[in-house]
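[1] Quick one: sequence plus predicted model below, questions after.
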Amino acid sequence: MWFFYSPGIIHGEDAIDFLEFIPGEKVFVVTDKILEELGYLKKLTEKLDQFGKKYMIFNDVQPDPHEDDVLTGRQQCIDYAPDLVIALGGGSVIDTAKVVWCLYEFPDIVLDDIYPFNAELYKLGNKSKLVAIPTTSGTGAEITNVSVISRFLDGIWKKHFFLHKTIIPSYAIVDPIFPLGMPPKLTLDTAFDALAHSLEGMTSLWKNEFSYAMALKAIELIFKYLPIVAKDSKDIEARDYLHQAATMAGLAFGNSQAQYAHTLGHSWGSVFHVPHGRAVGIFLPYVLQFCLNNPDEADKTTDLLGKIAKQLGWANWDEDTKKSAKTVIKKVKELQKEVGFPFNLKELGTTKEDYDKNIDVLVNLCFEDSTSVLGPRPANTAEFKKLYEFAFEGKDVDF
Ligand SMILES: [Fe+2]
């Protein structure tokens, strides 16, 4: 038995107008101050005014949201007692809204009660629904069942994953008007996050055919439209397809999870505060090389990557499988080069001294990450260390 979960998805230009038909008259809006300053919140509130909905704004979400901020949002939501919660923002905002929504519906629980086997949470949605409106194209937060919230432990802010199938938003409004204003670096970071969601969703140990279908289309769209958006950020058609691709990639990994590019990227991000997509996007080709070098012939990841290359038209159908699989890595690197995405960790400005000082912490954090058990080729301490080393120096993985 397997599952494929998804919100109701409304996409394309003017998707925001569907808010008129979503029940709920009293709306708690979760967002951040930057989106308010950029005028995106106004685009939403104008629609809420037009559709006769009352609203209250919670705009205190920070990047990599902290537990305390979530609890403040929860209290304000309880006090306002909405019948609809709307998240307008990137991954941090949507993740905050998911847990605020859950903690509002269940005022007697705490954050740690949000875990996969909590049967009580299946009643979520009695008081209100959650609408997610992503303003970036990549995190997939609008469709996933996880919320990443930081908690201060052992001297650092550690990312904690709160998971439950019911915290998937009720609706995702995927309207290209919102990512249209993303700055170039954010566009690249989030797009490579989406690419990692696709390729990791296809190769994780929880891979499945539904995820595969979504991921394959997402990869095709990212390779076609990211270079266009990188040249012309205001190309609304390309933005629309890239936005759809990010949601498809989210559906892929949201239903099959990710593997080591996320494991390594989460740890690197926790220690060096690098944007999630940038870290994950850098690790992606190194992790795929590591998978291709798997000496265990029972693992069929090479065959899978070879098939992906053929289905995307990157290799002929009669091409040798391993050669064809290597094409996927070559294509990822070519895309990085074409759009100006960094190739290695050194380019992020981390010194060798800082890297050496933190390598043991980085590796330990890998083993604490939920994705660390989903790689098709299990890595041990020495291999995680070497993966960091090769990604830092920009060397092809030969082990
Ligand atoms: Fe990600």
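    Cool, got the structure.
[2] Report the contact partners of Gly89.
    By C-beta atoms under 8 Å, 6 or more residues apart in numbering, the contact set of Gly89 is 30-32, 35, 61, 133-135. In this view, the C-beta of every residue, glycine as well, is placed from N, C-alpha and C.
[3] let's see 7 Å
    For Gly89, the contact set (C-beta atoms under 7 Å, 6 or more residues apart in numbering) comprises 31-32, 35, 61, 135.
[4] How many residues are close by the nearest residue to Thr247 once chain neighbours are set aside?
    Spatial nearest neighbour of Thr247, excluding adjacent residues (C-beta to C-beta, 6 or more residues apart in numbering): Val174 at 5.0 Å. Neighbour count of Val174, defined by other C-beta atoms under 10 Å: 27.
[5] and the gap between Val174 and Asp189?
    Remark: distance between Val174 and Asp189 (C-beta to C-beta, to the nearest Å) = 18 Å.
[6] now Asn293
    27 Å.
[7] and the two? which has more neighbours close in?
    Legend: neighbour count by other C-beta under 10 Å for Asn293 and Asp189, higher for Asp189 (25 against 13).
[8] Excluding chain neighbours, give the residue nearest to that one in space.
    Nearest one to Asp189, counting by C-beta to C-beta, 6+ apart, is Gly277 at 3.5 Å.
[9] what secondary structure does the one you found sit in?
    helix (DSSP: H, G, I helix; E, B strand; the rest coil).
[10] Confirm for me that it is in contact with Thr136.
    No: if you go by C-beta atoms under 7 Å, Gly277 and Thr136 don't touch, sitting 8.8 Å apart.
[11] where do the contact lists of the two overlap?
    Thr190.
[12] Asp112 - how many residues pack around it?
    10.
[13] Could you find the closest non-adjacent residue to it?
    Phe162 (7.9 Å).
[14] tell me which residues form a beta bridge with the one you found?
    Assessed by DSSP bridges, Phe162 has beta-bridge partners Ser147.
[15] where's it relative to Gly269, distance?
    Taking C-beta to C-beta, one finds Phe162 at 17 Å from Gly269.
[16] Helix or strand: which one has the nearest residue to Val110 once chain neighbours are set aside?
    Leaving aside its sequence neighbours, Val110 sits nearest to Leu103 (C-beta to C-beta, 6+ apart; 7.9 Å). Using DSSP states H and E, Leu103 sits in helix 91-105.
[17] which other residues reach the lowest-mean-pLDDT helix or strand in the chain?
    Lowest by mean pLDDT, DSSP states H and E among the helices and strands of the chain is strand 156-163, with a mean of 85. Residues outside strand 156-163 that contact it (C-beta under 7 Å, 6+ apart) are 64, 66, 99, 111, 114-116, 145-151, 266, 270, 370.
[18] Can you tell me the strand partners of whichever helix or strand comes after it and which way each runs?
    Downstream of strand 156-163, the next assigned helix or strand under DSSP H and E is strand 171-174. Paired neighbours of strand 171-174 in the sheet (DSSP bridges): strand 8-11 (parallel), strand 129-134 (parallel).
[19] Tell me the gap between strand 171-174 and the middle of its chain.
    15 Å (C-alpha atoms, centre = their mean, to the nearest Å).
[20] What of stretch 35-46?
    Its chain's C-alpha centre lies 23 Å from the corresponding centre of stretch 35-46 when counted by C-alpha atoms, centre = their mean.
[21] what do you get for stretch 145-159?
    Counting by C-alpha atoms, centre = their mean, stretch 145-159 comes out at 16 Å from the chain centroid.
[22] okay, that stretch in CSV with CA atoms only?
    C-alpha atoms of stretch 145-159 as CSV (Å, rounded to 0.1, in the frame of the first residue of the first chain):
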residue,chain,number,x,y,z
ASN,A,145,3.4,17.3,4.6
VAL,A,146,6.4,18.7,6.5
SER,A,147,7.2,21.9,8.3
VAL,A,148,10.8,22.8,9.0
ILE,A,149,11.1,24.9,12.2
SER,A,150,14.4,25.8,14.0
ARG,A,151,14.9,25.1,17.7
PHE,A,152,17.9,26.2,19.7
LEU,A,153,19.8,23.1,20.9
ASP,A,154,23.4,22.4,21.7
GLY,A,155,24.5,25.9,20.9
ILE,A,156,23.0,26.1,17.4
TRP,A,157,19.6,26.6,15.7
LYS,A,158,18.8,23.1,14.6
LYS,A,159,16.2,22.5,11.9
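[23] Sort out which residues of it are buried, please.
    Neighbour counts over stretch 145-159 (16 or more other C-beta atoms under 10 Å) mark 145-150, 159 as buried.
[24] for the helix or strand harbouring Ile78, which positions count as buried?
    Assigned by DSSP H and E, Ile78 belongs to helix 67-80. The neighbour-count check on helix 67-80 (16+ other C-beta under 10 Å) flags 69-70, 73-74, 76-77, 80 as buried.
[25] Among the residues you listed, which one lies nearest to Asp303?
    Val70 (42.7 Å; C-beta to C-beta).
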